[in-house]
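Enquirer: Turn this into a model:
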Amino acid sequence: MKHAIDIVDDAGRRQYAAAGFLRLENAVPRHEIERVRAIVERLFALRAGQAHGDFLDLAGDDSDAEHAVLPQILMPVKYAPELAEGALRPCAERIARALLGENLQYEGEHVIAKPPHGPATPLHQDEAFWSETVDYTSLSIWFPLHPVSARNGSICFVPGSHTRGVLPHHSVDNDVTKNGIEIDGAETFAPAAMELPAGGATVHHCRTIHGALANGTGETRYAYIFGFGLPAVHAAHRRNHYWLHEKRLLRAERARSEQFELTKMRPEF
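Expert: Next up is the predicted model:
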């Protein structure tokens, strides 16, 4: 099988630079995907990291973790160290190095579950979640832990949107207690959906507008995401991520009550 390290050639780098994303058909052996999926399923069943604020609902307010709409676990490797073993992380690092070069930094990982008949993931830019005082050159590598299609929640991207800067966002449903954000005017964008086999992957720039389709099947769809980037630098002009200042998150309150600091997935100054 031809793997991603063979696919990310000059043509792939040009495509990533132009579109802000890249689709890879065969990134990692399928037996590795099956191993990781079994671990991830166990972590979600346990709601690992809930007390620390690492278990959260991307589309909800965390008031009912058992029925989270789009549950996510930040840094799952903290709760299952065996995730650091195997082929997944080395594969992700090789992909990132092929696109960003040798001066690469690991920036974290997370897993997302999309339960049966779960909603679409709102269109957003990753950097809209991050610090206003940092300029990032970062990417995310998205490994579905099943074959994905329009039926069960393909990831989708707006081509070329990474060149537009960080655009205004708002809280999901305009509810500041919800963790997720959505780009303003989401209905004006035309994202392209990426179908993938198990073992495939996508890569996207931190400013690429993206989301995921709804899961219309009866099975949960899981995805594992790694973040890498070049060393962060101070922003020449501070941005105003007012949509983050407005947040009133239950997970932050829970972490404070348990005397934990919320996990930071990207560098801050």
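
Enquirer: Return the distance of the closest residue to P116 other than its chain neighbours relative to H117.
Expert: Distance criterion Cβ to Cβ, 6 or more residues apart in numbering; nearest residue to P116, sequence neighbours excluded, is G218 at 4.8 Å. No exception for glycine: its C-beta is placed from N, CA and C like everyone else's. Separation of G218 from H117 (Cβ to Cβ, to the nearest Å): 8 Å.

Enquirer: And for R254?
Expert: For R254 relative to H117 (Cβ to Cβ), the value is 27 Å.

Enquirer: Between those two, which has more neighbouring residues?
Expert: R254 (19 against 10; other Cβ atoms under 10 Å).

Enquirer: In three-state terms, how would that one be classified?
Expert: Under DSSP: H, G, I helix; E, B strand; the rest coil, R254 falls in the helix class.

Enquirer: Is it correct that it is in contact with F55?
Expert: No: assessed by Cβ atoms under 8 Å, R254 is found out of contact with F55, at 9.8 Å.

Enquirer: Give me the three-state assignment for the spatially most central residue of the chain.
Expert: The chain has I225 as the residue nearest its centroid, 5.2 Å off, counting by Cα atoms, centre = their mean. With three-state DSSP as the basis, I225 sits in strand.

Enquirer: what's it in contact with, if anything?
Expert: Residues in contact with I225, defined by Cβ atoms under 8 Å, 6 or more residues apart in numbering, are 109-112, 140-143.

Enquirer: if you set the cut-off to 7 Å instead, what comes out?
Expert: Contact analysis of I225 by Cβ atoms under 7 Å, 6 or more residues apart in numbering lists 109-110, 112, 140-142.

Enquirer: Over to A51?
Expert: By Cβ under 7 Å, 6+ apart, the neighbours of A51 are 254, 258.

Enquirer: same thing but 8 Å
Expert: A51 sits next to 254-255, 258, 260 when contact means Cβ under 8 Å, 6+ apart.

Enquirer: Out of the contacts of I225, which sit inside strands?
Expert: 109-110, 112, 140-142 (DSSP state E).

Enquirer: Among the residues you listed, which one lies nearest to V166?
Expert: S140 (15.2 Å; Cβ to Cβ).

Enquirer: give me the number of residues near the closest one?
Expert: By other Cβ under 10 Å, neighbour count at S140 equals 26.

Enquirer: so it makes contact with R207?
Expert: No: contact criterion Cβ under 8 Å: S140 and R207 do not qualify, at 11.2 Å.

Enquirer: any common contacting residues for those two?
Expert: D126.

Enquirer: right, and the helix or strand after the helix or strand bottoming out on mean pLDDT in the chain?
Expert: Taking mean pLDDT, DSSP states H and E as the measure, the helix or strand of the chain with the lowest value is helix 4-7, at a mean of 54. Reading on from helix 4-7 to the C-terminus, the next helix or strand found by DSSP states H and E is helix 10-19.
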